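Novice: dropping the sequence and predicted coords here.
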Amino acid sequence: MSKQNIQWHKCLLLTKHSIRDAVRTIDESGLQIALIVDNENTLLGTVTDGDIRRALLKELPLDAPINRIMHTTPLVVTPHINRSQVVHLMKVNKVHKVPIVNDEHQVIGLHIWEDIEPCDPAIEVPFVIMAGGLGSRLRPYTNTCPKPMLKVAGKPMLEHIIERAKEEGFSTFIISINYLGEKIKQYFGKGKRWNINIEYLEEQEPLGTAGALAQLKSSPHKQFVVTNGDVMSDLRFSDFLNFHIENGAIATMAVRAHEWQNPFGVVENDGINILGFKEKPIIKSQINAGVYVLNKDAINHLCDNKASDMPQLFTSLMKSNMKTIVFPMHETWADIGKPEDLHKINKSSKITKL
């Protein structure tokens, strides 16, 4: 029995739990599903990683009860169903997790696609890291060191990003470099130390967060996972890639919920007439998390040797009526843009997860 199957019981939650509890359970178990049960272990429903992302888009509060997003009629099997039947059911229903229940509908196990139908974990899609920025806001640390090479928990941010992606099966990496780029090349070389292949996009001048990608127009690859070199996250890049492909998008942007509370009472008015009041309202929005999946056709919208940022590229694609979508994140995420960000992440207890 696999390690994941042994840990299926860590997916169990009660209806009294919240969406936030489901996020924590899914993240900590690594199984991407929560099984909602009663006190007798009777299965009442399931909550998947996808259910949580849809809830984030609907701006449901994380403290809302879990039954707000629970799927009450999930696919289940009995322990007597053989492996080939389970594989068939998973393929037909397009699911990767199937609870195992007994005659009383109590949970006694969990079938996991990766366990019963193992496959080559290698991912052929290149993993592109934009590492050419000046890092002006992180001075003086970046006076002699490129921002992605600043150390977090004893190793460069860029190394953390590469190692996480490699664990998921990515083996081809492309790093865009400009400012102090030779230091990045000297450290990583062609990737032999990590048993990966690294190529470089060299910017003669800063080309923004997207401009250097124009050099990939002649690439034979159909998709690219792209991340900023100063973003660290627990996001599963392979899930992100699959989401992009399954939704038939030309470009997908990872987004993260952000809340800001106005420190003042807000007056709602129509001209001179007062309509109402809101005391210190909370403004919710989705922010760009700096991680993307792009089809090659999207890259064709970039001009050679011309600076461009990702929002500009997405805007251009939207104007051409091409499908651009968001992938809502709930994972740990940090944008290392200022000295205080660097200090905070190095002090964080969560650094071992990043």
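Specialist: Arrived safely, thanks for sending.
Novice: tell me the spacing between the closest residue to Trp113 other than its chain neighbours and Arg236.
Specialist: Nearest non-adjacent residue to Trp113, counting by C-beta to C-beta, 6 or more residues apart in numbering: His96, 4.0 Å away. Where you see a C-beta, it was placed from the backbone N, CA and C, and this is true even at glycine. According to C-beta to C-beta, to the nearest Å, His96 stands 12 Å off from Arg236.
Novice: repeat that for Arg139.
Specialist: Taking C-beta to C-beta as the measure, Arg139 falls 33 Å from Arg236.
Novice: between those two, who's got more neighbours?
Specialist: Using other C-beta atoms under 10 Å, the more surrounded residue of Arg139 and Arg236 is Arg236, with 17 against 11.
Novice: how about the contacts made by the more buried one?
Specialist: Contacts for Arg236 (C-beta atoms under 8 Å, 6 or more residues apart in numbering) come out as Glu168, Glu331.
Novice: how about the helices in the protein?
Specialist: Using DSSP state H, the helices of the chain run over residues 3-6, 19-29, 49-57, 83-93, 113-116, 157-167, 181-188, 237-246, 296-299, 310-319, 339-347.
Novice: packing partners of the last one?
Specialist: Read it as helix 339-347. The contact analysis (3 or more C-beta pairs under 8 Å, 6 or more residues apart in numbering; DSSP states H and E) places helix 339-347 against strand 151-152, strand 333-335.
Novice: the second one too?
Specialist: In this structure, helix 19-29 makes packing contacts with strand 12-14, strand 33-37, strand 43-48, helix 49-57, judged by 3+ C-beta pairs under 8 Å, 6+ apart.
Novice: so which of the ones you listed is the most packed in?
Specialist: A comparison of the helices and strands packed on helix 19-29 by mean neighbour count, using mean count of other C-beta atoms under 10 Å, puts strand 33-37 on top with a mean of 24.
Novice: paired strands for it, with orientation please.
Specialist: Partners of strand 33-37 in the sheet, by DSSP bridges, are strand 12-14 (parallel), strand 43-48 (antiparallel).
Novice: in JSON lines: those strands, plus distance to His258 and mean pLDDT.
Specialist: Listed next are the strands paired with strand 33-37 as JSON lines, based on distance: least, C-beta to C-beta, whole Å; pLDDT from 0 to 100:
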{"stretch": "strand 12-14", "distance to His258": "26", "mean pLDDT": "91"}
{"stretch": "strand 43-48", "distance to His258": "23", "mean pLDDT": "92"}
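Novice: so how many other residues sit close to His80?
Specialist: When neighbours are defined as other C-beta under 10 Å, His80 has 7 of them.
Novice: for Gly271, same thing?
Specialist: Quick note: Gly271 (other C-beta under 10 Å) scores 6 neighbours.
Novice: and if you look at Lys166?
Specialist: Applying other C-beta under 10 Å, we find 17 residues neighbouring Lys166.
Novice: circling back to that earlier point, would you turn the strands paired with strand 33-37 into a markdown table with distance to Leu302?
Specialist: Listed next are the strands paired with strand 33-37 as a markdown table, based on distance: least, C-beta to C-beta, whole Å:
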| stretch | distance to Leu302 |
| --- | --- |
| strand 12-14 | 45 |
| strand 43-48 | 35 |
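Novice: now for the ones you listed, which one comes closest to Leu213?
Specialist: Counting by C-beta to C-beta, Leu213 lies closest to strand 43-48 out of the strands paired with strand 33-37; the figure is 32.0 Å.
Novice: now that closest one: how far from the chain's centre is it?
Specialist: The chain centre lies 23 Å from the centre of strand 43-48; the measure is C-alpha atoms, centre = their mean, to the nearest Å.
Novice: in the stretch 201-350 of the chain, what residue spans correspond to strands?
Specialist: Ranges of strands within the stretch 201-350 of the chain are 223-228, 231-233, 251-261, 265-270, 273-279, 282-295, 324-329, 333-335, based on DSSP state E, counting those that start in this stretch.
Novice: nearest to Ala165, out of those?
Specialist: Proximity to Ala165, assessed across the strands of the stretch 201-350 of the chain by C-beta to C-beta, is greatest for strand 223-228 (7.6 Å).
Novice: the closest one packs against which elements?
Specialist: strand 127-130, helix 237-246, strand 282-295, helix 296-299.
Novice: do that again at 6 Å, thanks
Specialist: With contacts taken as 3 or more C-beta pairs under 6 Å, 6 or more residues apart in numbering; DSSP states H and E, strand 223-228 sits against strand 127-130, strand 282-295.
Novice: dump these to JSON lines, plus mean pLDDT.
Specialist: What follows is the helices and strands packed on strand 223-228, written out as JSON lines (pLDDT from 0 to 100):
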{"stretch": "strand 127-130", "mean pLDDT": "95"}
{"stretch": "strand 282-295", "mean pLDDT": "90"}
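Novice: picking that back up, take the strands of the stretch 201-350 of the chain and lay them out in CSV including mean neighbour count and distance to Glu40.
Specialist: Below are these laid out as CSV (neighbours: other C-beta atoms under 10 Å; distance: least, C-beta to C-beta, whole Å):
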stretch, mean neighbour count, distance to Glu40
strand 223-228, 23, 43
strand 231-233, 23, 38
strand 251-261, 18, 35
strand 265-270, 10, 48
strand 273-279, 9, 44
strand 282-295, 19, 38
strand 324-329, 20, 34
strand 333-335, 18, 38
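Novice: what's the closest of those strands to Gln204?
Specialist: Closest approach to Gln204 among the strands of the stretch 201-350 of the chain (C-beta to C-beta): strand 223-228, 20.1 Å.
Novice: nice, that's everything, thank you.
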